[in-house]
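**Student:** coords please:
(one chain, ligands or ions: 1)
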Amino acid sequence: MSDGPVLHVRDVRKRFGGHAALDGVSLDVHEGEVVTVIGPSGSGKSTLVRCVHQLESIDGGAMYLDGELLGYETHRGHLRPLPDRRVAAQRSRMGMVFQQFNLFGHWSVLRNVVEAQVAVHGRDPAEARAEALRLLERVGLAGRADAHPRMLSGGQQQRVAIARALATNPRIMLFDEPTSALDPELVDEVLSVVRDLARGGMTMIIVTHEMSFAREVADRCVFMEQGRVAATGTPEEIFDDPSSPRLRAFLSRFTGKTPVEESTS
Ligand SMILES: Nc1ncnc2c1ncn2[C@@H]1O[C@H](COP(=O)(O)OP(=O)(O)OP(=O)(O)O)[C@@H](O)[C@H]1O
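**Tutor:** Residues are numbered from 1 along each chain as shown. Sure, this is the predicted structure:
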């Protein structure tokens, strides 16, 4: 572990065909910090966390976890991609929660939370089971350990996914719109688990369209637009005193307030 940020993202670029999904994104996330990422559809929010989790390769820039370069190593003075098993090891130091839960449907809830601990971290199965039960308790699902995911509501499935992501004791949690696939009445139960993690000092990046939550839970908020970080600041700076007209216009969609027209942008 280094004294620097847990996650350091420097000038990261990602293209899909001719389109720049990330156009030079830089971001530091420090120990215990909660960073929420907001912005219009297609602005690159999901791509950013997917690149950090190495589900997408990057075309430029660099990312470091605890000072260690992600996805590449230096070999004879040149960078080369890391072998898959080392990518997997780096990935296992981050917990990712997806919009669509991505649980294994043929496994019980308990096994979903146990398996990565045993397979990736080589944890003793009995220890992994005890840890999984502790985490299921933490997300309010200790009583559903033997259920299969299809027997659970979307909100419950997402809480299992959070428990699973926590089970490998990650340095950082990455949430990619964790409530977007949920019926409105199930959103709060998931947000309250994320809120508890924030209070507990977990380092997190949360991509979300839930504006009041993005404000409430964040130490720092990032507004993305067209593959760039268009604004970053404290929740007060972003939500109460938005510096750019485009940020104001974006926020007005959620508050219903009309932004003040300005000639420059
Ligand atoms: N696998 C892919 N192949 C091609 N284009 C992609 C791919 N993934 C993302 N993109 C494009 O990259 C851009 C950024 O997408 P991304 O999903 O990161 O945006 P977002 O801000 O998360 O949007 P949303 O809020 O709708 O989820 C979009 O133009 C999108 O169409």
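**Student:** Within range of the ligand, give me the residues from the stretch 1-150 of the chain.
**Tutor:** 16, 19, 21, 39, 41-47 (CB under 6 Å from any ligand atom). No exception for glycine: its C-beta is placed from N, CA and C like everyone else's.
**Student:** State the pair within these that is farthest apart.
**Tutor:** Using CB to CB, these span at most 17.0 Å, a distance reached by 16 and 39.
**Student:** ok so, going back, now the buried members of the residues of the stretch 1-150 of the chain next to the ligand.
**Tutor:** Neighbour counting with 16 or more other CB atoms under 10 Å marks 21, 39, 43-47 as buried within these.
**Student:** Among those, which lie within helices?
**Tutor:** Judged by DSSP state H, helices contain the following of those: 45-47.
**Student:** okay, the residues you listed in JSON lines with pLDDT next?
**Tutor:** Listed next are these as JSON lines, based on pLDDT from 0 to 100:
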{"residue": "45", "pLDDT": "98"}
{"residue": "46", "pLDDT": "97"}
{"residue": "47", "pLDDT": "98"}
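**Student:** which residues does residue 28 bridge with?
**Tutor:** Per DSSP bridges, the residues bridged to residue 28 are residue 8.
**Student:** so which residue of the stretch 51-200 of the chain comes closest to the ligand?
**Tutor:** As assessed by CB to the nearest ligand atom, the ligand sits closest to residue 177 within the stretch 51-200 of the chain, at 6.0 Å.
**Student:** Following the chain past whichever strand or helix holds residue 192, name the next helix or strand.
**Tutor:** Using DSSP states H and E, residue 192 sits within helix 184-199. As assigned by DSSP H and E, the chain's next helix or strand after helix 184-199 is strand 204-207.
**Student:** Spell out the residue ranges of the strands in the stretch 151-265 of the chain.
**Tutor:** Remark: strands assigned in the stretch 151-265 of the chain by DSSP state E, counting those that start in this stretch are 172-176, 204-207, 220-225, 228-233.
**Student:** Would you mind putting these into CSV with mean pLDDT alongside?
**Tutor:** Formatted as CSV, those follow (pLDDT from 0 to 100):
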stretch, mean pLDDT
strand 172-176, 98
strand 204-207, 98
strand 220-225, 96
strand 228-233, 95
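**Student:** isn't the residue of the stretch 51-200 of the chain closest to the ligand right up against residue 209?
**Tutor:** Yes. The criterion here is CB atoms under 8 Å, and residue 177 meets it with residue 209 at 6.5 Å.
**Student:** So for the two, which sits in the more crowded spot?
**Tutor:** residue 177 (20 against 15; other CB atoms under 10 Å).
**Student:** got a pLDDT number for residue 75?
**Tutor:** Looking at residue 75, its pLDDT stands at 88.
**Student:** Return the set of residues that bridge with it.
**Tutor:** With DSSP bridges as the rule, residue 75 is bridged to residue 78.
**Student:** number of nearby residues for it?
**Tutor:** 9.
**Student:** Report the separation between it and residue 164.
**Tutor:** Between residue 75 and residue 164 the distance is 34 Å, computed by CB to CB, to the nearest Å.
**Student:** again with residue 95
**Tutor:** 8 Å.
**Student:** do the same with residue 109
**Tutor:** In terms of CB to CB, residue 109 sits 9 Å off from residue 164.
**Student:** any residues in contact with both of those two?
**Tutor:** residue 103 (CB atoms under 8 Å, 6 or more residues apart in numbering).
**Student:** Just checking, which helix or strand of this structure averages the lowest pLDDT?
**Tutor:** For the chain, counting by mean pLDDT, DSSP states H and E, helix 245-255 ranks last in confidence among helices and strands (a mean of 86).
**Student:** Name the residues of stretch 139-156 that are buried.
**Tutor:** Across stretch 139-156, burial judged by 16+ other CB under 10 Å covers 139-141, 144-145, 148-149, 152, 154-156.
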